[in-house]
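Student: structure for this input, please:
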Amino acid sequence: MRRPVAVVTGASRGIGQHVAEALEGAGYAVERGSTKVAQVTDPTAVTGWVGDIVERRGRVDLLVNNAGVIDDEVPLADSDPDQWWRTIEVNVRGPYLMTHAALPHLVATGGRVVNISSGAAYRNHDLATAYNVSKGALARLTAAVGLGPDAVVRAFDLAPGVVQTDMTLAMKAHEGRTEWTSPDEVTTLLLALASGELDDWSGRLVRAGVDTVESLRERASRGLAENDRTLGLIRWGEDDPLT
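Tutor: Model (predicted):
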């Protein structure tokens, strides 16, 4: 029997490396490939990589869109337009292209998509605005694929909290930080999402370091409203004409 196949972008270091190793330990054949940050924005490179995986492995069961970058931690007025747009390309175009290429194969296997997201998608903050915008857009992509009765496949936003990586150590926002999310908290949730144990959360955000498999399972057992843990408009009250 063939092992399930997981495709992980940006798996050479940081969270992606932890995820790839955890999946391998759980019995997945993990494709880390040579897809670098620059390549996930190239349709030809992405299509070729996914096609090669399917040719060799015969299937794709899990896609983890992890490759990502952050722009300078400056206000929008001080941002560099080229860097700003490049951040959007990597963090949004990359997951879109990977999902688009892998989707037919995920449908065939009943597979799943996990997008590595961030709480930055849900905060109003005028620093590193491209990163914040990109993670908000990623939440909409996750919902478009995985939310509701017409979901094509199961898809999830996984916010890893603040894991100690090269990226977080270089950020001003985390200077002097002493408490970090452990990689095990991230990979435990990731494996549960991949296994189907938390399929009720498809199209929604889960957050390592706050949520656990048990707490998410218990909350889902009480029912989830349409907008729970999704990105949407907060109405001003019952008399708001926007419904």
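
Student: buried residues of the longest helix along the chain, list them for me.
Tutor: The residue-count maximum for a helix in the chain (DSSP state H) belongs to helix 129-146. Buried residues in helix 129-146, defined by neighbour count with 16 or more other C-beta atoms under 10 Å: 129-139, 141-143, 145-146. Every residue, glycine included, has its C-beta placed from N, CA and C.

Student: just checking: what are the partner strands of the following helix or strand past that helix?
Tutor: Next along the chain after helix 129-146, taking DSSP states H and E as the criterion, comes strand 154-159. In the sheet, strand 154-159 lines up against strand 112-116 (parallel), strand 205-207 (parallel) (DSSP bridges).

Student: can you report how many residues neighbour Asp200?
Tutor: 15 (other C-beta atoms under 10 Å).

Student: repeat that for Ala29.
Tutor: 17.

Student: hey, what's it bridged with?
Tutor: Val5.

Student: for it, give me the pLDDT.
Tutor: Note for Ala29: predicted pLDDT of 97.

Student: now do it against Pro95, distance only.
Tutor: Counting by C-beta to C-beta, to the nearest Å, the separation of Ala29 from Pro95 is 21 Å.

Student: kindly report the same for Leu191.
Tutor: 20 Å.

Student: looking at these two, which one has more neighbours?
Tutor: Pro95 (29 against 17).

Student: could you verify my assumption that Ala151 touches Gly203?
Tutor: Yes. Ala151 is within contact range of Gly203, at 6.5 Å (criterion: C-beta atoms under 8 Å).

Student: who does the spatially most central residue of the chain bridge with?
Tutor: Central residue of the chain (C-alpha atoms, centre = their mean): Asn115, 1.5 Å from the mean position. Applying DSSP bridges to Asn115 yields these beta-bridge partners: Asn65, Asp157.

Student: residues contacting it?
Tutor: Asn65, Pro95, Leu138, Leu141, Thr142, Ala155, Phe156, Asp157, Leu158 (C-beta atoms under 8 Å, 6 or more residues apart in numbering).

Student: circling back: next, the angle strand 112-116 makes with the longest helix of the chain.
Tutor: Using axes from the mean of the first three to the mean of the last three C-alpha atoms, to 10 degrees, the inter-axis angle of helix 129-146 relative to strand 112-116 is 170 degrees.

Student: for helix 129-146, packing partners?
Tutor: Secondary-structure packing of helix 129-146 (3 or more C-beta pairs under 8 Å, 6 or more residues apart in numbering; DSSP states H and E): helix 81-88, helix 94-109, strand 112-116, strand 154-159.

Student: that one vs helix 94-109, what angle?
Tutor: Using the same axes, to 10 degrees: helix 129-146 against helix 94-109 is 20 degrees.

Student: only alpha carbons, please: show helix 129-146 as PDB.
Tutor: Taking C-alpha atoms only, helix 129-146 is exported to PDB below (Å, rounded to 0.1, in the frame of the first residue of the first chain):
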ATOM      1  CA  THR A 129       1.200  46.000   5.900                       C
ATOM      2  CA  ALA A 130       1.900  43.700   3.000                       C
ATOM      3  CA  TYR A 131       2.300  40.700   5.300                       C
ATOM      4  CA  ASN A 132      -1.000  41.600   7.100                       C
ATOM      5  CA  VAL A 133      -2.800  42.100   3.800                       C
ATOM      6  CA  SER A 134      -1.500  38.800   2.400                       C
ATOM      7  CA  LYS A 135      -2.600  36.800   5.400                       C
ATOM      8  CA  GLY A 136      -6.000  38.300   5.200                       C
ATOM      9  CA  ALA A 137      -6.200  37.400   1.500                       C
ATOM     10  CA  LEU A 138      -5.000  33.900   2.400                       C
ATOM     11  CA  ALA A 139      -7.900  33.500   4.800                       C
ATOM     12  CA  ARG A 140     -10.300  34.300   2.000                       C
ATOM     13  CA  LEU A 141      -8.600  31.700  -0.200                       C
ATOM     14  CA  THR A 142      -8.900  29.100   2.500                       C
ATOM     15  CA  ALA A 143     -12.600  29.800   2.900                       C
ATOM     16  CA  ALA A 144     -13.100  29.800  -0.900                       C
ATOM     17  CA  VAL A 145     -11.700  26.300  -1.100                       C
ATOM     18  CA  GLY A 146     -12.900  24.700   2.100                       C
END
